[in-house]
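1. with the sequence up front, the predicted model follows.
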Amino acid sequence: MANTQALKRRIKTAQNISKTTKAFQMIAASRLRRAQNAVLASRPYVTKLTEISRNLASDVDFTEGSNAYFKTNKNMTKNLYIIISPDKGLCGGLIANLVREYLKINKKTDDLFITVGKKIEGTVAGSTKNLVASFPFGLTLPSFEMISPIKTLIDEYYLTGKVGAVKIITTKFNSVFSQKPIVLDLLPLAIESSEKNDTLEESNIKLFEPSKDILLSEVAKRFIEMTLFQNLLESYASEQAARMVAMQNSTDNANDMVSSLRLLYNKARQEKITKEILDITSAAVALAAE
Amino acid sequence: MTFHLSIITPEKTIFDNEVSEATIPTIGGEVTILPNHVPVFTQLQGGEIILNINGKTEHFAVEGGFLDVSQKSTTILADFAVHGKDISVAAAEEAKRRAEEKLKQNLSAEEIAEIEGELRRSLLQIKIAQKYKR
């Protein structure tokens, strides 16, 4: 009797878990859709910006002037890493993979780190003293306003020559089933100037107001901001996709558990009934024999 | 005569169509682009974009960005842009009030700059939205 009662309770628990994980899965799915739309919506801007940067960069002298973002500080080996992770767990191996990527690069002792997202913050804070700043990722779609404090910090370290390069560690969204941690170079900016989108004739007569130098540094600012923003969006999409798949798996597991427990429960119940019938019939036989 | 113009912000494409005339605030002053304009690339200033589409005018609030006129098309890459008829006056008034309130508190120079930007944006939006009301 106690056995069937306990089994019943366990079935109930597994069912509740399956309901919860199903809900998580559905939330993640709708957020994923929104994230994908946001990535798509910002793509025309990025495409145009890249095209403009290329046209501008084709004949600007990077060795001098205000375009410090393109300069390489060769004698500065320190790097500034920006690590982007989710705030919440329950998203499969995504965070573990990110941590592994971080441990791989953390060889030099004097590299600096900026973290976005609570999940990576603890790891970084525990393993290095060079945590410059840490930002929360937030639970909703990242907004463009999140970029400005990060950008300010990057400027502070890169433009004053405290670091030689700025890199981003984030999770790339390959597909719903595959997200990979990657390390990207943010600064110094590398814009290939080889391709000419305008016809030669046009680029010769094109007017640049006030000057190419100033415009390029303005474009470069947007370029950095957009790169950061796109990576935040991508990280968010990865998180939601990973969570969706993880929650789908746990829902399936919980349902498997329910069916195996139900089997056990039915067996136990049948056993009990058989036993009772046996009791009754043996009693009847004993009475008849008397 | 018309030419193709698109207004793109980091969040989405606001406008993408043929226009016959466009007045755009740039850092060198307000310019009006007509078909077959000479190719030019310049920076934008906060202000109002006025488009002439087959005799009808449309207004947009814009804040920072770039203007790229090429032979094929004209593109406005704006940091922030909104169509006049999409402006919610109530929301803009509310934002303006909030920004003004914040400015009275003690804040760092950076915060003040940020809030002033917000205030400028909401004032601009209110101004443009009123044109649509009339």
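-> Yep, that arrived.

2. count the neighbours of residue A:26 for me.
-> 14 (other CB atoms under 10 Å in any protein chain shown). C-beta coordinates here come from the backbone N, C-alpha and C atoms, glycine included.

3. so what pLDDT did it get?
-> pLDDT for residue A:26: 95.

4. confirm it sits in a strand?
-> No. Looking at residue A:26 with DSSP: H, G, I helix; E, B strand; the rest coil, it is helix, so not inside a strand.

5. and it, how far is that from chain B?
-> 26 Å (CB to the nearest CB, to the nearest Å).

6. wait, doesn't residue A:92 sit right on residue A:248?
-> No. The pair residue A:92 / residue A:248 is not scored as a contact, 10.1 Å apart, by CB atoms under 8 Å.

7. shaky segments in chain B?
-> B:133-134 (pLDDT under 70).

8. where do the strands of chain A begin and end?
-> Along chain A, counting by DSSP state E, strands occupy A:79-84, A:112-116, A:131-135, A:165-175, A:178-187, A:207-209.

9. which of the ones you listed sits closest to residue A:8?
-> strand A:178-187 (39.3 Å; CB to CB).

10. dump the C-alpha coordinates for the closest one into PDB.
-> This file holds the C-alpha atoms of strand A:178-187, laid out as PDB (Å, rounded to 0.1, in the frame of the first residue of the first chain):
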ATOM      1  CA  SER A 178      24.300  24.600 -32.300                       C
ATOM      2  CA  GLN A 179      25.800  27.600 -30.400                       C
ATOM      3  CA  LYS A 180      29.500  27.900 -30.200                       C
ATOM      4  CA  PRO A 181      31.700  30.100 -28.000                       C
ATOM      5  CA  ILE A 182      34.000  32.300 -30.100                       C
ATOM      6  CA  VAL A 183      36.700  34.900 -29.600                       C
ATOM      7  CA  LEU A 184      36.300  38.000 -31.900                       C
ATOM      8  CA  ASP A 185      38.700  40.800 -32.400                       C
ATOM      9  CA  LEU A 186      37.100  44.200 -31.900                       C
ATOM     10  CA  LEU A 187      40.000  46.600 -31.800                       C
END
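
11. what does it contact?
-> With contact meaning CB atoms under 8 Å, 6 or more residues apart in numbering or on different chains, strand A:178-187 is reached by A:69, A:82, A:94, A:97-98, A:100-101, A:105, A:154, A:158, A:165-174, A:224, A:227-228, A:231, A:238, A:241-242.

12. the longest strand in chain B is where?
-> Max-length strand for chain B by DSSP E is strand B:56-69.

13. can you narrow the contacts of strand A:178-187 down to the ones near chain B?
-> Checked against chain B using CB under 8 Å from any CB of the partner chain, these yield no neighbours at all.

14. number of nearby residues for residue 88?
-> In the absence of a named chain, this looks at chain A. Around residue A:88 there are 14 residues (other CB under 10 Å).

15. switch to chain B, please.
-> Using other CB under 10 Å, residue B:88 is surrounded by 12 other residues.

16. what's near enough to touch it?
-> If you count contacts by CB under 8 Å, 6+ apart, then residue B:88 has residue B:129 around it.

17. picking that back up, show me what secondary structure element comes after the longest strand of chain B.
-> Of the helices and strands lying after strand B:56-69 in sequence (DSSP states H and E), the nearest is strand B:74-83.

18. direction included, what does that next one pair up with?
-> The pairing partners recorded for strand B:74-83 under DSSP bridges are strand B:3-8 (parallel), strand B:56-69 (antiparallel).

19. chain B: helices as residue ranges?
-> Taking DSSP state H, the helices of chain B run over residues B:89-104, B:109-133.

20. most packed of those helices?
-> For the helices of chain B, the largest average neighbour count (mean count of other CB atoms under 10 Å in any protein chain shown) is found in helix B:109-133, namely a mean of 16.

21. now that helix against strand B:74-83, angle please.
-> 90 degrees (axes from the mean of the first three to the mean of the last three CA atoms, to 10 degrees).

22. counting by contacts, list what helix B:109-133 packs against.
-> Counting contacts by 3 or more CB pairs under 8 Å, 6 or more residues apart in numbering or on different chains; DSSP states H and E, helix B:109-133 packs against strand B:47-53, strand B:56-69, helix B:89-104.

23. from chain A, how far off is residue B:119?
-> Counting by CB to the nearest CB, the separation of residue B:119 from chain A is 15 Å.

24. list the residues that contact the closest residue to that residue other than its chain neighbours.
-> Excluding its sequence neighbours, the residue lying closest to residue B:119 (CB to CB, 6 or more residues apart in numbering or on different chains) is residue B:99, at 4.0 Å. The contact partners of residue B:99, by CB under 8 Å, 6+ apart, come to B:115-116, B:118-119, B:122.

25. from those, pick the one nearest chain A.
-> Among these, residue B:118 lies closest to chain A (CB to the nearest CB), at 10.2 Å.

26. thought the closest one was touching residue B:95?
-> Yes. Judged on CB under 8 Å, residue B:118 makes contact with residue B:95 at a distance of 6.3 Å.

27. who's in contact with the nearest residue to residue B:15 once chain neighbours are set aside?
-> The spatial neighbour of residue B:15 that comes closest, neighbours along the chain excluded (CB to CB, 6+ apart), is residue B:7 at 4.1 Å. When contacts are counted by CB under 8 Å, 6+ apart, residue B:7 touches B:13-16, B:49, B:60, B:62, B:76, B:78, B:81.

28. what separation do you get for residue B:7 and chain A?
-> Residue B:7 is 10 Å from chain A, by CB to the nearest CB.

29. bridging residues for that residue?
-> Counting by DSSP bridges, residue B:7 forms beta bridges with residue B:15, residue B:76.

30. try residue B:42
-> Residue B:42 forms beta bridges with residue A:209, residue B:67, as assigned by DSSP bridges.

31. OK, now which residue of the stretch 1-150 of chain A is nearest to chain B?
-> Nearest residue of the stretch 1-150 of chain A to chain B: residue A:41, at 4.4 Å (CB to the nearest CB).

32. against residue B:74, how distant is the residue nearest to residue B:15?
-> Using CB to CB, to the nearest Å, one obtains 10 Å as the distance from residue B:7 to residue B:74.

33. now the common contact residues for these two.
-> By CB under 8 Å, 6+ apart, no residue touches both residue B:7 and residue B:74.

34. how many other residues sit next to the residue nearest to residue B:58 when sequence neighbours are not counted?
-> What sits nearest to residue B:58 in space, not counting adjacent residues and going by CB to CB, 6+ apart, is residue B:51, at 4.7 Å. As a burial measure, residue B:51 scores 21 neighbours (other CB under 10 Å).
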